[in-house]
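1. Here is the input, now give the coordinates:
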Amino acid sequence: MSGVPVPSDSLVDASRVYVKADAYGGAGAYAATAIPKGSLVEKGIVRVLTNIDGNENPYVFTWSDERPNTTWACGSGCSTFYNTAEEELANTHMERDFANCSFVITATKDIAEGEELLHVYKSKGWRTCFQELNK
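-> Numbers count the residues shown, from 1 in each chain. Below is the predicted model of the structure:
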């Protein structure tokens, strides 16, 4: 992929991802280039939020392994635009580093240029705002 190289010490790298209108009437994340299985798709940082309820707000990340969860975060780059899918259809996985407020998204399958990037939402099964996705 051509473009400006990302410095190696950058905390955020979304150079392989772009956001455009999706098939659901919103916006989704898409591969700007072919991404082989196991490769970095995106890395970034988050800001932990206060005074927010992630059970009502679908645009924030679950930022702990505790249940009930009360820690929510907003991600950098294109991270908040990845739509969800069932495990067999997902092509990415987000690894969260709670202590360092960072994440890495990797390809779980070979991804073609222009393909939508999908992952299974960590809290899809229990957050109120995702109930419709579980029907």
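
2. Now do K124 against P7, distance only.
-> 34 Å (Cβ to Cβ, to the nearest Å). Every C-beta, even on glycine, is put in place using the N, C-alpha and C of the backbone.

3. and what of L133?
-> For L133, the distance to P7 - Cβ to Cβ - is 37 Å.

4. between those two, who's got more neighbours?
-> Taking other Cβ atoms under 10 Å, L133 and P7 do not tie; L133 has more neighbours (15 against 8).

5. In contact with that one: list those residues for me.
-> Listed by Cβ atoms under 8 Å, 6 or more residues apart in numbering, the contact partners of L133 are 84, 121, 124.

6. From what I see, S76 and D13 are in contact.
-> No. The pair S76 / D13 is not scored as a contact, 9.6 Å apart, by Cβ atoms under 8 Å.

7. Name the nearest residue to A32, sequence neighbours excluded.
-> Closest residue in space to A32, ignoring its immediate chain neighbours: Y18 at 4.9 Å, by Cβ to Cβ, 6 or more residues apart in numbering.

8. Cheers, nothing more for now.
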